[in-house]
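Novice: have a look; sequence and predicted model below, questions after that.
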Number of protein chains: 4
Amino acid sequence: METPVVSLTLRVRYAETDQMGVVYYANYLVWFEMGRAEYCRRMGFSYAELETSGFRLMVADAHCRYKAPARYDERVRVETTIQELKKKTLVFGYKIFNDATGQLLAQGYTKHVCTDMAGRLVRLPESFTRCLVGTP
Amino acid sequence: METPVVSLTLRVRYAETDQMGVVYYANYLVWFEMGRAEYCRRMGFSYAELETSGFRLMVADAHCRYKAPARYDERVRVETTIQELKKKTLVFGYKIFNDATGQLLAQGYTKHVCTDMAGRLVRLPESFTRCLVGTP
Amino acid sequence: METPVVSLTLRVRYAETDQMGVVYYANYLVWFEMGRAEYCRRMGFSYAELETSGFRLMVADAHCRYKAPARYDERVRVETTIQELKKKTLVFGYKIFNDATGQLLAQGYTKHVCTDMAGRLVRLPESFTRCLVGTP
Amino acid sequence: METPVVSLTLRVRYAETDQMGVVYYANYLVWFEMGRAEYCRRMGFSYAELETSGFRLMVADAHCRYKAPARYDERVRVETTIQELKKKTLVFGYKIFNDATGQLLAQGYTKHVCTDMAGRLVRLPESFTRCLVGTP
């Protein structure tokens, strides 16, 4: 599947560092979340609206491979794409770069299942999936 | 007002440190939250139940004075009490200690207003306030 | 003292919300940190450099008054200024607005003391203080 | 490899929830970190000491599969073991349970590489690896 790649840049917060002097590893998953929100937004769909209309994208699986550390005050770039899109599940893929040097810092994916507000597995709304694979 | 002092101990997480090698300052407010939850629990009232019955304790004000840093892996003790209890507001007071040395690390307070689920200011439920000033 | 007001806008992350459906109260202190980093940056001084040259701005005091909740996906604006500048201490003041409506969501301050790497109280470096009260 | 399983229980913090009303997905990685710290501690080795003696366990890889949500105020149990131990790398495995019901909430692993303080890959100190596979 060929889907767009959507970029988001952000600056590393002091709060995101740990005593090793680098970004704490769980925070990359927060950046992934920002990446997929930006992906949806750029494709004309806000994740906030998806929730308002009664759907949830629960995370079923998350993976991150760490290549090089991100540090305080650096600008990092999150590149998000869709790796897989099925009737009830989708997989976002992410690459995180140091925006100044272009160095790849981390990459990973998150797999999501679509549920209603009661937590029951449901189909992804078509209006949403049409957007996801469209043109940004 | 004379109210009980309730203690909670916790161990500092790596995630809570920053690159200065000490606990990031916003995390003390998280410990305050744990302190007041423990206070309620020990007085026979869970904050989770309070929410289930339709009430919210919105934070209106928070203050923390930092005396000495907490570090990774140390055990800290949060001592929580009630500093003020009015019809629609209450103030929790907190002291945070290094549990091994007894050194005071930080102290502060949070002021809360009681609202219903629509965010309207309401009276604190009497069943709740009776518990708060009782015997743990 | 008349000092500049420096603005920073950011978008609320899902990670920053809590089960009340609004931003968790400790996260405003993270936004304060971003506000003062931006203040320094705009005045020609990076906080990262200050640390590299051996100084630390330890937080001695933090206060936040919460007026109205921030919600997921909203853009908020952090306005930062310097409220007080002494030889060894300084106070940053912050106002946080909903950037779309202009509504004031929170305001507060943080007081900092300057230390060397061993944690001893020292004077703020003059090159830094000159920048702080200059023209952005 | 047969290694001990070390348990740690903790109570879900309000700060750890998000507006979906469940624990935000990145926080499971924080619980993993607490699990492996507890593992080391129970085996007679503190991760803090490992750092003091000049070693770092950088995370190279993290994975989490989410089965069922954890909620505010629940007690969860983190069970940690070692899945793989090589000369320069080790893999911790984790299972997270609702401590009251025994339901499996999540499981995952983290892979670590041992470095010196300059970030160079080095062998895991033998005093450390001997502890890791010993008797708690």
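Specialist: Received the coordinates, thanks.

Novice: how about the contacts made by A:Val76?
Specialist: Applying CB atoms under 8 Å, 6 or more residues apart in numbering or on different chains, we find A:Val76 in contact with A:9-12, A:31, A:70, A:96-99, A:105. (Each C-beta comes from the backbone N, C-alpha and C, glycine too.)

Novice: let's see 6 Å
Specialist: Applying CB atoms under 6 Å, 6 or more residues apart in numbering or on different chains, we find A:Val76 in contact with A:70, A:96, A:99.

Novice: filter these to keep only those in contact with chain C.
Specialist: Contacts with chain C are made by none of these, judged by CB under 6 Å from any CB of the partner chain.

Novice: now go through the residues you listed and say which are in strands.
Specialist: A:Ile96 (DSSP state E).

Novice: ranges for the strands of chain A?
Specialist: A:6-11, A:56-66, A:75-85, A:89-98, A:104-115.

Novice: closest to A:Thr129 out of the contacts of A:Val76?
Specialist: A:Ile96 (25.5 Å; CB to CB).

Novice: now that closest one: how far from C:Asn27?
Specialist: Distance, A:Ile96 to C:Asn27, by CB to CB, to the nearest Å: 22 Å.

Novice: now distance to D:Val133 too, for the strands of chain A, in TSV please.
Specialist: Formatted as TSV, the strands of chain A follow (distance: least, CB to CB, whole Å):
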stretch	distance to D:Val133
strand A:6-11	40
strand A:56-66	25
strand A:75-85	37
strand A:89-98	34
strand A:104-115	29
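
Novice: closest one to C:Val59 among the ones you listed?
Specialist: So among the strands of chain A, strand A:6-11 is nearest, using CB to CB, at 19.8 Å.

Novice: what angle do the closest one and strand C:6-11 make?
Specialist: Strand A:6-11 and strand C:6-11 are oriented at 140 degrees to each other (axes from the mean of the first three to the mean of the last three CA atoms, to 10 degrees).

Novice: got the CA positions of strand A:6-11 in CSV?
Specialist: Output of strand A:6-11 as CSV, limited to C-alpha atoms (Å, rounded to 0.1, in the frame of the first residue of the first chain):
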residue,chain,number,x,y,z
VAL,A,6,3.3,13.2,6.9
SER,A,7,6.0,15.2,8.8
LEU,A,8,5.7,16.9,12.2
THR,A,9,8.6,18.7,13.9
LEU,A,10,8.8,19.3,17.6
ARG,A,11,11.4,20.6,20.1
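
Novice: as a markdown table, the strands of chain A with distance to B:Thr110 and mean pLDDT would be great.
Specialist: Formatted as a markdown table, those follow (distance: least, CB to CB, whole Å; pLDDT from 0 to 100):
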| stretch | distance to B:Thr110 | mean pLDDT |
| --- | --- | --- |
| strand A:6-11 | 29 | 98 |
| strand A:56-66 | 31 | 97 |
| strand A:75-85 | 33 | 97 |
| strand A:89-98 | 35 | 97 |
| strand A:104-115 | 34 | 97 |
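
Novice: of all these, which lies closest to C:Tyr66?
Specialist: Nearest of those (CB to CB): strand A:6-11, 24.7 Å.

Novice: parallel or antiparallel, list what pairs with that closest one.
Specialist: strand A:75-85 (antiparallel) (DSSP bridges).

Novice: show me what counts as buried in the partner strand.
Specialist: A:76-82 (16 or more other CB atoms under 10 Å in any protein chain shown).

Novice: around chain D, pick out the residues from chain A.
Specialist: A:25-26, A:29-30, A:59-66.

Novice: for the helix ranked longest in chain A, packing partners?
Specialist: Looking across chain A with DSSP state H, the single longest helix is helix A:27-42. The helices and strands touching helix A:27-42, judged by 3 or more CB pairs under 6 Å, 6 or more residues apart in numbering or on different chains; DSSP states H and E, are strand A:6-11, strand A:75-85, strand A:89-98.

Novice: let me know the angle separating that helix from strand A:104-115.
Specialist: 60 degrees.

Novice: excluding sequence neighbours, find me the nearest residue to the spatially most distant residue from the centre of chain A.
Specialist: Within chain A, the residue lying farthest from the chain centre (CA atoms, centre = their mean) is A:Gln19, at 25.9 Å. In space, and not counting its chain neighbours, A:Gln19 is closest to B:Thr17: 4.0 Å by CB to CB, 6 or more residues apart in numbering or on different chains.

Novice: cool, and A:Arg11?
Specialist: Here the residue nearest A:Arg11, using CB to CB, 6+ apart, is A:Arg75, at 5.4 Å.

Novice: quick one: contacts for the one you found?
Specialist: With CB under 6 Å, 6+ apart, A:Arg75 has these contacts: A:9, A:11, A:99.

Novice: out of the residues of chain A next to chain D, what pair is the most spread apart?
Specialist: Between any two of the residues of chain A next to chain D (CB to CB), the greatest distance is 21.3 Å, for A:Ala60 and A:Tyr66.

Novice: the two: who's more crowded?
Specialist: Remark: of A:Ala60 and A:Tyr66, A:Tyr66 carries more neighbours, 24 against 16, as counted by other CB atoms under 10 Å in any protein chain shown.

Novice: the closest residue to the more buried one other than its chain neighbours: neighbour count?
Specialist: Distances taken as CB to CB, 6+ apart put A:Ala106 closest to A:Tyr66, at 5.1 Å, once the chain neighbours are dropped. Using other CB under 10 Å, A:Ala106 is surrounded by 24 other residues.

Novice: surely A:Ala106 and A:Lys95 touch.
Specialist: No: contact criterion CB atoms under 6 Å: A:Ala106 and A:Lys95 do not qualify, at 7.6 Å.

Novice: got the residues of chain A near chain C?
Specialist: So chain A meets chain C at A:13-15, A:30, A:33-34, A:48, A:72-73 (CB under 6 Å from any CB).

Novice: out of the residues you listed, who's nearest B:His112?
Specialist: A:Ala15 (24.0 Å).

Novice: show me the contacts for the closest one.
Specialist: Neighbours of A:Ala15 in contact, by CB under 6 Å, 6+ apart: B:24, C:30.

Novice: next one: A:Glu38
Specialist: A:6, A:8.

Novice: can you list phi and psi of A:Phe45 for me?
Specialist: The phi/psi pair for A:Phe45 (degrees, to the nearest 10) reads phi -140, psi 130.

Novice: with the one 10 residues further on instead?
Specialist: Dihedral pair for A:Phe55: phi -110, psi 150, per degrees, to the nearest 10.

Novice: ok, A:Ala60 to D:Gln83 distance?
Specialist: A:Ala60 is 21 Å from D:Gln83, by CB to CB.

Novice: same thing with A:Phe128?
Specialist: 37 Å.

Novice: and A:Thr3, what pLDDT?
Specialist: For A:Thr3, the pLDDT comes out at 83.

Novice: again, but for A:Thr135
Specialist: pLDDT, A:Thr135: 68.

Novice: just give the number of residues close to A:Arg130.
Specialist: 12.

Novice: which residues does it contact?
Specialist: Per CB under 6 Å, 6+ apart, neighbours of A:Arg130: none.

Novice: okay, it: pLDDT?
Specialist: Looking at A:Arg130, the pLDDT reads 88.

Novice: ok, back up a step: isn't the residue farthest from the centre of chain A up against B:Asp18?
Specialist: No: the criterion here is CB under 6 Å, and A:Gln19 misses it with B:Asp18 at 7.0 Å.

Novice: circling back to that earlier point, for the buried residues of strand A:75-85, give me CSV that also has distance to A:Gly119.
Specialist: Below are those laid out as CSV (distance: CB to CB, whole Å):
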residue, distance to A:Gly119
A:Val76, 33
A:Arg77, 34
A:Val78, 28
A:Glu79, 31
A:Thr80, 26
A:Thr81, 28
A:Ile82, 24
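
Novice: show me what A:Val76 is bridged to.
Specialist: Beta-bridge partners, per DSSP bridges, of A:Val76: A:Leu10, A:Asn98.

Novice: for the longest helix of chain A, output the C-alpha coordinates as PDB.
Specialist: C-alpha atoms of helix A:27-42 as PDB (Å, rounded to 0.1, in the frame of the first residue of the first chain):
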ATOM      1  CA  ASN A  27       8.300   9.500  25.300                       C
ATOM      2  CA  TYR A  28       8.900   8.300  21.800                       C
ATOM      3  CA  LEU A  29       5.500   6.700  22.000                       C
ATOM      4  CA  VAL A  30       4.100  10.100  22.900                       C
ATOM      5  CA  TRP A  31       5.700  11.500  19.700                       C
ATOM      6  CA  PHE A  32       4.200   8.600  17.800                       C
ATOM      7  CA  GLU A  33       0.800   9.700  19.000                       C
ATOM      8  CA  MET A  34       1.500  13.200  17.900                       C
ATOM      9  CA  GLY A  35       2.600  11.900  14.500                       C
ATOM     10  CA  ARG A  36      -0.600   9.900  13.900                       C
ATOM     11  CA  ALA A  37      -2.700  12.800  15.000                       C
ATOM     12  CA  GLU A  38      -0.900  15.100  12.600                       C
ATOM     13  CA  TYR A  39      -1.300  12.400   9.900                       C
ATOM     14  CA  CYS A  40      -5.100  12.400  10.400                       C
ATOM     15  CA  ARG A  41      -5.200  16.200  10.600                       C
ATOM     16  CA  ARG A  42      -3.300  16.600   7.300                       C
END
